[in-house]
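Engineer: Sharing a model that was predicted from the sequence below.
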Amino acid sequence: MKQYGKLLVDEDILEGLDDYHVKSRIVQEYHFEGNPKRMKDKEFKSLIDDDLIYNVPIYDVLHRRYAAFSSLVEALWYGEQDPKGNGEYFPKFERYDLDVIEWMYLFYTFRLCGSGINYKPKKSEGFSPFGTHGFGNFWIIDDIRLGRLGIENWEDSLQDRNRPFTNNKGYLLPQFSFPHLKNSHLKYFILRWSKRFIDDLFRFISRNPGLSIYEITDYGNDWLMDKGFKRQNFVMTAFAMDMAEYFPHLVNKESKVYAGTNATKCIKQIFRKVGKMSEFDFINEALQFLADRYGANPYDVEDSRACDPIRYFQEYQSADHVAKNNGIRYKNNSILKEKWGLDKYYEWANNLK
């Protein structure tokens with residue numbers, strides 16, 4: 001291992017991550033940044049030289065705003081300028097139709113319902129994105145398409161909705177328990193508590209512009225625990241990252257973050273501490289290293305250079321991806337396979353679980 005500042009770095013695995021970075025960065029440029037090199041598909045496929053990245057739309061970004069699980073927010077914010085083309089499904093909506101509190105409510109409930117994380121790909125370009133990765137069953141989508149805007153309208157719609165409004169395939173929904181209910185606990189929480197929660201979050205954020213992402217996570221978790229609920233680490237962190245992306249005057253895009261389980265696994269494969277350092281500082285030292293190396297922010301690389309690579313090295317693809325690809329389960333072309341050989345590579349990859 002080689003020392004970089006306060007970190008020891010496994011140079012083999014870092015090389016594997018560099019290789020992944022180059023490939024997925026090319027995909028982002030090709031699909032989401034206007035294909036500046038004007039590549040044809042054959043040239044693009046040859047340049048990537050990785051069946052998993054080419055055929056499975058998970059391993060395709062550096063910047064978090066382009067990630068599939070943020071597709072709804074991106075479509076609503078950018079409208080006709082949405083690089084994925086999903087904005088066209090909201091022709092009567094403009095981002096200025098919502099105020100900051102309404103955007104916050106949308107960010108929070110979208111993440112709370114797991115609506116972005118179902119790994120169901122679109123059939124192909126030009127097909128409706130609804131129900132797929134990045135959209136899911138999120139009920140506010142239907143309201144916005146019908147011109148029903150505002151938290152009161154959204155909550156009225158949820159009250160009357162009998163169809164699914166969450167996605168828990170590949171995502172463990174936050175758990176709630178209200179003794180007087182036999183079911184619909186999450187729905188009850190949204191209807192009775194979410195607006196109050198967002199109002200308090202808005203006051204906290206607006207009175208302290210420039211907050212770090214992790215500070216918003218902490219405030220949200222403290223609020224929830226004070227009211228007798230469990231922490232929502234993933235939800236609160238994803239919400240705060242959304243705020244940093246779209247309201248950077250309120251939340252610092254370059255700030256420290258809490259890393260998810262897969263991101264932490266990846267970081268601990270590559271890095272070791274030098275000297276005494278808290279776990280939080282170690283994780284963020286590593287994320288800053290990756291952010292500097294790849295030209296992004298820590299909240300970008302937490303997702304795209306720590307979380308996604310774990311799945312890439314394990315060659316993850318959902319049953320829906322396999323079905324779309326005619327039953328083919330694709331392999332990656334990681335440089336580590338050539339460097340280590342297949343036996344060592346798969347022994348290592350399988351132990352990442």
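Structural biologist: Received, thanks.
Engineer: OK, contacts around the residue nearest the centre of the chain?
Structural biologist: By Cα atoms, centre = their mean, the chain has its centre lying nearest to residue 69, at 5.0 Å. If a contact means Cβ atoms under 8 Å, 6 or more residues apart in numbering, then residue 69 has 116-117, 133-134 as its contacts. All C-beta spots, glycine's among them, are computed from the backbone N, C-alpha and C.
Engineer: at 10 Å instead, please
Structural biologist: Contacts for residue 69 (Cβ atoms under 10 Å, 6 or more residues apart in numbering) come out as 58, 110-111, 114-119, 133-136, 171, 238, 303.
Engineer: any idea how far stretch 21-36 is from the chain center?
Structural biologist: On the basis of Cα atoms, centre = their mean, to the nearest Å, stretch 21-36 sits 18 Å off its chain's mean C-alpha point.
Engineer: so what's residue 106 closest to, chain neighbours aside?
Structural biologist: With Cβ to Cβ, 6 or more residues apart in numbering as the criterion, residue 106 has its nearest non-adjacent residue at 5.9 Å, and that residue is residue 140.
Engineer: Next, the buried residues of the strand or helix carrying the one you found.
Structural biologist: Following DSSP states H and E, one finds residue 140 within helix 139-145. Of the residues in helix 139-145, 139-144 count as buried by neighbour count, 16 or more other Cβ atoms under 10 Å.
Engineer: List the contacts of whichever helix or strand comes after that helix.
Structural biologist: Next helix or strand after helix 139-145 toward the C-terminus (DSSP H and E): helix 151-160. Helix 151-160 has contacts (Cβ under 10 Å, 6+ apart) with 98-99, 101-102, 104-106, 109, 113, 139-140, 142-144, 146-148, 150, 165, 187, 190-192, 194-195, 198-199.
Engineer: out of those, which are buried?
Structural biologist: Counted by 16+ other Cβ under 10 Å, the contacts of helix 151-160 give 98, 101-102, 104-106, 109, 113, 139-140, 142-144, 165, 187, 190, 194-195, 198 as buried.
Engineer: Pop the domain breakdown of this structure in here.
Structural biologist: Following the assignment in automatic domain parsing, the chain carries domains at 1-60+258-353, 90-115+129-255.
Engineer: quick revisit: the residue nearest to residue 106 against residue 115, yeah?
Structural biologist: Yes: the criterion here is Cβ atoms under 10 Å, and residue 140 meets it with residue 115 at 8.8 Å.
Engineer: what touches both of the two?
Structural biologist: Joint contacts of residue 140 and residue 115 (Cβ under 10 Å, 6+ apart) are 72, 109, 165.
Engineer: check contacts around the second one.
Structural biologist: This points to residue 109. Counting by Cβ under 10 Å, 6+ apart, residue 109 touches 115, 138-140, 151, 154-155, 158, 165-166, 190, 194-195, 198, 235, 239.
Engineer: Find the helix or strand that it is a member of.
Structural biologist: Remark: residue 109 resides in helix 100-112, with elements defined by DSSP H and E.
Engineer: Please report phi then psi for residue 251.
Structural biologist: Dihedral pair for residue 251: phi -130, psi 130, per degrees, to the nearest 10.
Engineer: Contacts made by the helix holding residue 140 with the rest, please.
Structural biologist: Contact partners of helix 139-145, identified using Cβ under 10 Å, 6+ apart, comprise 72, 75-76, 89-93, 97-98, 102, 105-106, 109-110, 113, 115, 129-131, 135, 138, 148-151, 153-158, 161, 163-166, 187, 190.
Engineer: Please could you give me each C-alpha atom of it, formatted as CSV?
Structural biologist: Provided in CSV are the C-alpha atoms of helix 139-145 (Å, rounded to 0.1, in the frame of the first residue of the first chain):
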residue,chain,number,x,y,z
TRP,A,139,-47.8,9.0,-6.2
ILE,A,140,-46.8,12.7,-6.7
ILE,A,141,-45.8,11.9,-10.2
ASP,A,142,-49.4,11.3,-11.1
ASP,A,143,-50.5,14.5,-9.4
ILE,A,144,-48.0,16.7,-11.2
ARG,A,145,-49.0,15.2,-14.5
